[in-house]
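Visitor: my questions are about this predicted structure, shown below with the sequence.
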Amino acid sequence: MRNIQTEKNAKSQPDEIYDQVVVIDRQSRLNYNRGLTNIVFMGMGEPLMNYKNTLLAIQKITSPDGLGMSPKRITVFNLWVTKIIREMASQNPKFKLAVSLHSAIEETRNRLMPFTKKFPLPELLEALKYWYDQTKSKITFEVVVWQGINDKQEDIDALITYCKQVPSKVNLIEYNAIGDNQFVQAKPASISAYISALEDQNIPVTVRQSRGNDIDAACGQLANKQH
């Protein structure tokens, strides 16, 4: 689910988020003869910057009076909001947490996502340890591997070191190109190197296949174009 903001920068309300889920669930039942099995709250729009409304929407989705979905089938993405990770963990939520990491090397991560400078990797790690202590739920680290940016052995080694400090697993994500920017999907050999190294260290890893790329609707592509 996208945490959509209006032109006036008003955050999505709980009922608006819930209604999105209901509509998609109905379409799934109509077209595929089954309802939704999993829900992911993610950008564009950081879900935890709309923290209270996101949690209220999840409460309604998981309520018997709502869709009655198990919270274990819901994942909330987070980019960097360590304070809210701690606050959320204190409420012992039953849903899962995924973090857009992309690099466990501070300089590289800051270059990819400049806003993370406010929340350095050690601070993020402490918040994630607190999350696990409170919830006993593994963290999923999301990593897009780009050619010439985070596809070297030192990047793999740093990720392994970071993952070993908190119970976690890794999702390697295909890069979906946006216009003519400088980012290029890493070569298959680089992805294979990540997988082999993580598996050798008994760190669970999956490769998430991209969908919707052919219509510019894949992960990271749903943004307005400037004309």
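Guide: Arrived safely.

Visitor: surely residue 58 touches residue 72?
Guide: No: here residue 58 lies out of contact with residue 72, judged by CB atoms under 8 Å, at a distance of 11.8 Å. Where you see a C-beta, it was placed from the backbone N, CA and C, and this is true even at glycine.

Visitor: hey, what's in contact with both of the two?
Guide: residue 95 (CB atoms under 8 Å, 6 or more residues apart in numbering).

Visitor: between the two, point out the one with more neighbours.
Guide: Between residue 58 and residue 72, counted using other CB atoms under 10 Å, residue 58 has the larger neighbour count: 26 against 12.

Visitor: can you give me the domain boundaries for this structure?
Guide: Segmentation of the chain into domains, based on automatic domain parsing, reads 1-78, 89-221.

Visitor: how far does the first one sit from the chain's center?
Guide: Put simply, domain 1-78 sits 14 Å off its chain's centre (CA atoms, centre = their mean, to the nearest Å).

Visitor: now stretch 177-190
Guide: Put simply, stretch 177-190 sits 19 Å off its chain's centre (CA atoms, centre = their mean).

Visitor: now swap in stretch 84-95 and tell me
Guide: Mean C-alpha position of stretch 84-95 versus that of the full chain (CA atoms, centre = their mean) differs by 16 Å.

Visitor: now do stretch 146-160
Guide: 19 Å.

Visitor: follow-up on the earlier one: turn the domains of the chain into JSON lines, columns for mean pLDDT.
Guide: Putting the domains of the chain into JSON lines (pLDDT from 0 to 100) gives the following:
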{"stretch": "domain 1-78", "mean pLDDT": "85"}
{"stretch": "domain 89-221", "mean pLDDT": "89"}
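
Visitor: look up how far residue 202 lies from the most centrally placed residue in the chain.
Guide: Closest to where the C-alpha atoms of the chain average out (CA atoms, centre = their mean) is residue 77, at 3.6 Å. Using CB to CB, to the nearest Å, one gets 25 Å for the distance from residue 77 to residue 202.

Visitor: how about residue 195?
Guide: Residue 195 is 13 Å from residue 202, by CB to CB.

Visitor: next: residue 82.
Guide: 27 Å.

Visitor: out of the two, which sits in the busier spot?
Guide: Just comparing residue 82 and residue 202: by other CB under 10 Å the higher neighbour count belongs to residue 82, 20 against 7.

Visitor: once you drop chain neighbours, what's closest to that one?
Guide: Nearest non-adjacent residue to residue 82, counting by CB to CB, 6 or more residues apart in numbering: residue 127, 4.0 Å away.

Visitor: which helices and strands sit right next to the one helix or strand the one you found maps to?
Guide: For residue 127, the element it lies in under DSSP states H and E is helix 121-135. Secondary-structure packing of helix 121-135 (3 or more CB pairs under 8 Å, 6 or more residues apart in numbering; DSSP states H and E): helix 82-90, strand 96-100, strand 139-144.
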